[in-house]
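**Student:** let me see the structure of the following:
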Amino acid sequence: MKKVIKLVKKLGLDKDAKPSDELKWSIEYLKWKIKPEELIGISRLVLLILTPALAVITSIFTRNPLAIAAFSIVPALGISWYVNEYPKTKARLGALNDLGYAPNIITLLATSVELNPNLENAVKLVSRFGEGRIAEEFGKALNKSLLYGASLKKEIRLIGEKWGKISSGFKNGLHLIMAGLNEKEQQRRREVISLGVNAFLDELINDLKAFLAKTKMHTMVIYGFGTVMPLIIISLLPIISTLSSFANPPMIALLMAGSLVALYTYTNKSLKSKPGTFSQVTIKERSWFPKKGDIRLFGLDFNALAYCLAIFAAISLVSWIYIVVKINGGEFLIPKELSMMPLIMGLAIALSTYYYGSSNYKMSLRKKAKTIESEVLNAVYNLASRVHENRSIEDAIKFAARENREKSIGAYLRKAYSLIINSNVEAEEALNKAFFEVDSKRVKSIINMVFNSLKRGIKTGAHNILRIYDYYKRLVQAETESRNLLSQMLSMMRLTAMLFAPAISAMIVMLQQIIQENVIDAKSLAMLGISSMIVNPSLGYEFIALLLGIYTIALAIMLTRYAVIMEHGHDKVLLNYELSKAVIVSSTVFCATLFLGFAIS
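**Tutor:** Model prediction:
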């Protein structure tokens, strides 16, 4: 990169560059060691190099000056534009992912300062149990206050102002919580702090509803022009291929590639405009995780590239033999209709294996963490009810374990009680040890606040535990409502990616077969004097099947990526896990529809 920047400066391509505020913010957020002007210079360099290079390549295939200009200038401009756009998209999605942790941070901060109006202690909890960039900034604000005497309230307000540019609800909620700290009367303080949490969560849901109302058009464009229209156009190509040699495999491949690039660009634009939602539980690294470049399957680690290439080669071998024989004018034993299915399924299984092998071990840990999150509030309520009856915390843990004996959290509570009774471990330490392997920081923060409340007395502790329960119950309700709103909108997108598009693509291949096998005899047409209007079909339907099979897989990846990021944020673990299912399902539907169609015909 340093050599590229040096070349940019030498050619003076960074001069007179006027980067936008968005680009400046994006590079600052990403912590890239490059100036915005230099990035603009790189995009200009890309345009300068690619345009003549693509013109030379295009001239090998055609002498048409318009075609040469189109296939050299347009792609070069697109790639140059993408160089500028990539950091903006990456930074925006990263910031939205960080804001996905804001509901937990706001709830943790509010609960802590209501139970104990000590801002320093509350910020310490946020930096310890919060996640993402915002939690890191809370930790830096605390250090700045302790080491340099900066006003902690001022630093927190600055964090609110900074992230308020993306989410006004976060800024408003944070400011109300800080205002609540200034209230002397306890009841009034609780009301203002509670108002801050509700204001933030309500605005989050309202922003999401407003976005979804506007996004109906985005979804229609993605579904219609990005998915259905290209398939309709491709479905006409078999008919066009009987009239003109224009509809050849390279042209169809180019049309499909252009459609996918346009779809990717438009989905990115839509994703950049979405509000923050709720991010997934972060899985901490373990020593037993596969090393970088490996995947885990059946409890064993494999080199990802070598293993997936081996799968692809083994499954697709028959198709490759068919292609070689076909090119050399021979005949192969495998039926023409089935010739490309091994290659398509080989590609899909190889991709699915990679996606699954790189995510399944983390997804199992995440599912456990989410299960504990869904059960912890009920356990907290059990603890509070027992403590309210003047029972000891040990007895409360025993009671909560018994009440939740058929749930996952029951095992952790039993382990904690066993440590208390058999190892003479303090209750707080016992629970921390029992829940140590749980990745959910929400669960750990709740346990921490429960014990901090109990240290202030049994009666006060019981009341405070119920307040913790109320705050986090409101958080869970907002999260559930957010997920439901998004899933309703994205359900059709998922069905299109995995069912409708593959089935339609397979029908297009069958249409091509029917046309090719029933085209009118050229000699008969010559007798009618219309032979010049018809040419032999230039597309072998087995190659149409290959192109559409690959297109189906790519479309499934594109639409699933959009749905996952829209609903859960840019989470690589969940994205890979969902892609592992989408790719194999879409390719199976495509091949199964194709097989049944050929069998019936």
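**Student:** what's next to stretch 363-375, contact-wise?
**Tutor:** Stretch 363-375 is contacted from outside by 280-281, 283, 404, 407-409, 412, 435, 438-440, 442-443, 476, 573-574, 577, using Cβ atoms under 8 Å, 6 or more residues apart in numbering. Any C-beta I mention is one placed from the backbone N, CA and C, and that applies to glycine too.
**Student:** please disregard the earlier target; I meant stretch 410-424.
**Tutor:** Contacts with stretch 410-424, where a contact means Cβ under 8 Å, 6+ apart, come from 372, 379, 394, 397-398, 400-401, 404-405, 425-427, 429-431, 433-435, 438.
**Student:** show me the shaky parts of the stretch 401-550 of the chain.
**Tutor:** 456-459, 515-540 (pLDDT under 70).
**Student:** the chain now?
**Tutor:** Within the chain, the set of residues satisfying pLDDT under 70 comprises 216, 218, 223-252, 332, 456-459, 515-540, 601.
**Student:** next, count neighbours for Met340.
**Tutor:** Neighbours of Met340 under the rule other Cβ atoms under 10 Å: 29.
**Student:** next up, the contacts around it.
**Tutor:** For Met340, the residues meeting the contact criterion (Cβ under 8 Å, 6+ apart) are 319, 322, 542-543, 545-546, 549.
**Student:** ok but Arg296 is inside a strand, no?
**Tutor:** Yes - when classified by DSSP: H, G, I helix; E, B strand; the rest coil, Arg296 is found to be part of a strand.
**Student:** what about it, how many residues close to it?
**Tutor:** For Arg296, the number of neighbouring residues by other Cβ under 10 Å comes to 19.
**Student:** go ahead and confirm it touches Gly357.
**Tutor:** Yes - counting by Cβ atoms under 8 Å, a contact exists between Arg296 and Gly357, whose distance comes to 5.7 Å.
**Student:** list the residues that contact both of these two?
**Tutor:** Shared between the contact lists of Arg296 and Gly357 (criterion: Cβ under 8 Å, 6+ apart) are residues Phe302.
**Student:** among the contacts of stretch 410-424, which lie within helices?
**Tutor:** Counting by DSSP state H, the contacts of stretch 410-424 place 372, 379, 394, 397-398, 400-401, 427, 429-431, 433-434 in helices.
**Student:** next, format those residues as a markdown table and append neighbour count and distance to Ser364.
**Tutor:** A markdown table is the format used below for the ones in helices among the contacts of stretch 410-424 (neighbours: other Cβ atoms under 10 Å; distance: Cβ to Cβ, whole Å):
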| residue | neighbour count | distance to Ser364 |
| --- | --- | --- |
| Ile372 | 22 | 13 |
| Ala379 | 27 | 22 |
| Glu394 | 15 | 32 |
| Ile397 | 25 | 27 |
| Lys398 | 19 | 29 |
| Ala400 | 25 | 25 |
| Ala401 | 22 | 24 |
| Ala427 | 18 | 29 |
| Glu429 | 14 | 27 |
| Ala430 | 23 | 25 |
| Leu431 | 25 | 23 |
| Lys433 | 15 | 22 |
| Ala434 | 23 | 19 |
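**Student:** just put the residues you listed in a markdown table and tack on distance to Ser26.
**Tutor:** Supplementary listing: the ones in helices among the contacts of stretch 410-424 in a markdown table, determined by distance: Cβ to Cβ, whole Å:
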| residue | distance to Ser26 |
| --- | --- |
| Ile372 | 36 |
| Ala379 | 42 |
| Glu394 | 53 |
| Ile397 | 48 |
| Lys398 | 53 |
| Ala400 | 47 |
| Ala401 | 49 |
| Ala427 | 48 |
| Glu429 | 44 |
| Ala430 | 46 |
| Leu431 | 42 |
| Lys433 | 42 |
| Ala434 | 43 |
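**Student:** find the nearest non-adjacent residue to Ile393, please.
**Tutor:** Ala427 (4.7 Å; Cβ to Cβ, 6 or more residues apart in numbering).
**Student:** the one you found against Lys398, yeah?
**Tutor:** No - Ala427 is not in contact with Lys398 according to Cβ under 8 Å; the separation is 10.6 Å.
**Student:** how about the helices in the stretch 501-601 of the chain?
**Tutor:** Using DSSP state H, counting those that start in this stretch, the helices found in the stretch 501-601 of the chain span residues 501-517, 522-528, 541-568, 572-600.
**Student:** over to the stretch 101-250 of the chain?
**Tutor:** Listed in chain order, the helices of the stretch 101-250 of the chain (DSSP H, counting those that start in this stretch) span residues 102-115, 119-129, 132-148, 152-164, 168-181, 186-223, 229-241, 249-272.
**Student:** Ala17: which of those helices is closest?
**Tutor:** Nearest to Ala17, of all the helices of the stretch 101-250 of the chain, is helix 249-272, at 22.3 Å by Cβ to Cβ.
**Student:** and the closest one, what does it pack against?
**Tutor:** helix 65-99, helix 186-223, helix 229-241, helix 541-568 (3 or more Cβ pairs under 8 Å, 6 or more residues apart in numbering; DSSP states H and E).
**Student:** buried residues in the strand or helix carrying Ser319?
**Tutor:** For Ser319, the host element (DSSP states H and E) is helix 304-327. Applying a neighbour-count criterion of 16 or more other Cβ atoms under 10 Å, the buried positions in helix 304-327 are 304, 307-308, 311-312, 315-316, 318-319, 322-323, 326.
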